[in-house]
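> Just need the structure, nothing else, for what follows:
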Amino acid sequence: MSEAEDLWVFGYGSLMWRPGFEFEEQSPALVRGFHRSLCIFSHVHRGTPEKPGLVLGLDRGGACRGVGFRVAARRRDDTLSYLREREQVTTVYREAWLPARLHDGRLVSCVAYVVDRAHPQYAGRLPASDLLKLVAQGHGVSGANVDYVQSTHEHLLASGIMDPTLSFIVQHAPASVRRFGDFSE
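Coordinates of the predicted model:
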């Protein structure tokens with residue numbers, strides 16, 4: 001099996017710390033032309049339509065440091081099926097093939113999930129107060145939104161990546177949310 005037959009997946013949010021698929025290799029990776037943004041109203045995984053949370057998307061412009069995962073060719077179809085089921089529940093993400101530069105200099109084509117700006121769940125840039133409120137209230141089938149933000153923030157820091165928005169939310173979330181993963185007004 002040649003590496004050219006293998007599948008590369010680019011993770012920039014929860015895929016970094018909970019990929020959910022088997023892989024042969026992982027490497028720090030950089031994608032240009034897109035940036036990590038807390039720009040999607042979550043109606044399933046970290047919120048509901050009545051009380052949405054916020055999750056990350058790859059939005060246009062800038063660059064994004066994340067993780068490239070190499071999946072063996074024999075697991076390619078199963079992995080793509082899994083990712084489509086996980087990432088395209090409400091079709092807010094478009095599947096895209098993006099060039100990524102790995103830590104060792106290799107350039108690989110990765111499947112990545114890019115936000116669809118025309119989708120009703122696209123939040124765009126929100127004021128800090130809205131970010132805090134949405135993250136505090138969000139709870140969906142995958143758990144509390146604040147746990148998602150905290151886990152992503154911690155993984156990014158461990159990888160040497162600073163995300164000012166996630167850092168702000170972690171520092172300013174109400175103490176009840178940080179302690180218990182629950183918020184009620």
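
> Around residue 104, count how many other residues there are.
7 (other C-beta atoms under 10 Å). Placement of C-beta: from N, CA and C, glycine included.

> secondary structure class for it?
coil (DSSP: H, G, I helix; E, B strand; the rest coil).

> Would you mind pulling the contact partners of the helix or strand harbouring residue 81?
Using DSSP states H and E, residue 81 sits in helix 76-87. Helix 76-87 is touched from outside by 5, 6, 7, 9, 20, 21, 22, 71, 93, 95, 111, 113, with contacts defined as C-beta atoms under 8 Å, 6 or more residues apart in numbering.

> can you give me the strands for this structure?
7-11, 25-42, 53-71, 93-102, 107-115, 139-140, 143-144 (DSSP state E).

> nearest to residue 166, of those?
Residue 166 sits nearest to strand 25-42 of all the strands of the chain, at 7.1 Å, using C-beta to C-beta.

> List the buried residues of the closest one.
26-29, 31, 34-42 (16 or more other C-beta atoms under 10 Å).

> Over to stretch 65-78?
Of the residues in stretch 65-78, those buried (16+ other C-beta under 10 Å) are 65, 66, 67, 68, 69, 70, 71, 72, 75.

> Can I get whichever helix in the chain runs longest as CSV, trimmed to CA atoms?
Counting by DSSP state H, the longest helix found in the chain is helix 145-158. Coordinates of the C-alpha atoms in helix 145-158 are reproduced here as CSV (Å, rounded to 0.1, in the frame of the first residue of the first chain):
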residue,chain,number,x,y,z
ASN,A,145,-20.6,23.3,25.0
VAL,A,146,-18.3,24.7,27.6
ASP,A,147,-16.6,21.2,27.8
TYR,A,148,-16.0,21.3,24.1
VAL,A,149,-14.4,24.8,24.3
GLN,A,150,-12.3,23.8,27.3
SER,A,151,-11.1,20.6,25.8
THR,A,152,-10.2,22.2,22.5
HIS,A,153,-8.5,25.1,24.2
GLU,A,154,-6.4,22.7,26.4
HIS,A,155,-5.4,20.6,23.4
LEU,A,156,-4.4,23.7,21.4
LEU,A,157,-2.3,25.0,24.2
ALA,A,158,-0.6,21.6,24.6
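
> pLDDT and distance to residue 122 added to the buried residues of stretch 65-78, as a markdown table?
Formatted as a markdown table, the buried residues of stretch 65-78 follow (pLDDT from 0 to 100; distance: C-beta to C-beta, whole Å):
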| residue | pLDDT | distance to residue 122 |
| --- | --- | --- |
| 65 | 97 | 23 |
| 66 | 97 | 20 |
| 67 | 97 | 24 |
| 68 | 98 | 25 |
| 69 | 98 | 26 |
| 70 | 98 | 30 |
| 71 | 98 | 28 |
| 72 | 97 | 34 |
| 75 | 97 | 31 |
